[in-house]
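In: Sequence plus predicted model, see below.
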Number of protein chains: 2
Amino acid sequence: MEPSDLDGVLAANTAFYAAFEERDLDAMSKAWEHSDRVVCTHPGWATLMGWGRVAASFFALFQNAQRLQFILTNEAAEVVGDIGWVSVDENILDTADATTVAAFNLFTRDEAGEWLMVVHHASAVSASDAGGGT
Amino acid sequence: MEPSDLDGVLAANTAFYAAFEERDLDAMSKAWEHSDRVVCTHPGWATLMGWGRVAASFFALFQNAQRLQFILTNEAAEVVGDIGWVSVDENILDTADATTVAAFNLFTRDEAGEWLMVVHHASAVSASDAGGGT
């Protein structure tokens, strides 16, 4: 794979978290493929399928007064053809606490060369395991 | 995509859960790509990177006396080139209880045409949300 491919996937990943932090629904909409095949699993949630449900979930989350800050660590990216993915730890700071969420993000490259999110799966790491698993 | 591509990915997905149910480390090893880029996030765990750590996690899980049974629902599969993925709900039965785990599995097709797992991300659906999210 080309280094520029990885850069493109990582930039798309960064844009997703920037939209999340800014609670910017337009930017979040631009980050995703608008199709029936997109899937999104927020921590502790059932999986949402299709852009309509995924968009509604972000709309609901962005209504929250609480603003989240994401510190991303352990980022690992791969590209195979027109598919790229990023495994990353979201260290989420809010006013009261910090939590670690393990996330997996999958992107496809469209005909214009833009990387669009098709899968976001995030799960809370329980405190007893936050040190790094077995 | 060819229907046979989807069939191949779904068969690989089924083989993964069969190995899990049987606690068969050889079959589990055959289901995965053996590389540094594989990632596995068990429910509540931090993400494990690399086949060595992933294999060790299944070895540890298979030491458990408790046998799990997976009833898979809401299976949705896609193939793009040599990458395929499956979103699926794992309804896990053990002797005491049933839990629902939202899972995402990613596969790559190797030069022999075999679909091998490179990503497994599973997260418990909290009881209040098990009905289907927002």
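Out: Yep, that arrived. Numbering: from 1, shown residues only, chains lettered A, B, ... in the order given.
In: all contacts plus neighbour counts: C-alpha atoms, from now on.
Out: Fine.
In: Tell me the buried residues in stretch A:15-28?
Out: Across stretch A:15-28, burial judged by 16 or more other C-alpha atoms under 10 Å in any protein chain shown covers A:15, A:16, A:17, A:18, A:19, A:20, A:23, A:25, A:27, A:28.
In: Next: stretch A:43-61.
Out: Neighbour counts over stretch A:43-61 (16+ other C-alpha under 10 Å) mark A:43-51, A:53-55, A:57-58 as buried.
In: cool, and stretch A:98-115?
Out: Buried residues in stretch A:98-115, counting neighbours by 16+ other C-alpha under 10 Å, are found at A:100, A:101, A:102, A:103, A:104, A:105, A:106, A:107, A:108, A:109, A:115.
In: next one: stretch A:59-78
Out: Going by 16+ other C-alpha under 10 Å, stretch A:59-78 has these buried residues: A:62, A:68, A:69, A:70, A:72, A:76, A:77, A:78.
In: mind listing which of these are in helices?
Out: The members of those that map onto helices under DSSP state H are residue A:62.
In: Give me the lowest-pLDDT entry from the buried residues of stretch A:59-78.
Out: pLDDT across the buried residues of stretch A:59-78 is lowest for residue A:68, at 86.
In: so who does that one touch?
Out: A:20, A:21, A:92, A:93, A:94 (C-alpha atoms under 8 Å, 6 or more residues apart in numbering or on different chains).
In: would you turn those into a markdown table with distance to chain B?
Out: What follows is the contacts of residue A:68, written out as a markdown table (distance: C-alpha to the nearest C-alpha, whole Å):
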| residue | distance to chain B |
| --- | --- |
| A:20 | 18 |
| A:21 | 21 |
| A:92 | 15 |
| A:93 | 18 |
| A:94 | 20 |
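In: will you turn these into CSV that also has distance to residue B:86 and pLDDT?
Out: Listed next are the contacts of residue A:68 as CSV, based on distance: C-alpha to C-alpha, whole Å; pLDDT from 0 to 100:
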residue, distance to residue B:86, pLDDT
A:20, 25, 96
A:21, 28, 95
A:92, 27, 91
A:93, 31, 86
A:94, 33, 75
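In: And the helix or strand containing residue A:84, what does it pack against?
Out: According to DSSP states H and E, residue A:84 maps onto strand A:83-93. Applying 3 or more C-alpha pairs under 8 Å, 6 or more residues apart in numbering or on different chains; DSSP states H and E, one finds that strand A:83-93 contacts helix A:3-22, strand A:69-80, strand A:98-109.
In: neighbouring strands for that strand, and are they parallel or not?
Out: Based on DSSP bridges, the pairing partners of strand A:83-93 within the sheet are strand A:69-80 (antiparallel), strand A:98-109 (antiparallel).
In: Tell me what angle that strand forms with helix A:3-22.
Out: Calculated by axes from the mean of the first three to the mean of the last three C-alpha atoms, to 10 degrees, strand A:83-93 forms an angle of 40 degrees with helix A:3-22.
In: Can you point out the buried residues in strand A:83-93?
Out: Buried positions in strand A:83-93, judged by neighbour count with 16+ other C-alpha under 10 Å: A:83, A:84, A:85, A:86, A:87, A:88, A:89, A:90, A:91.
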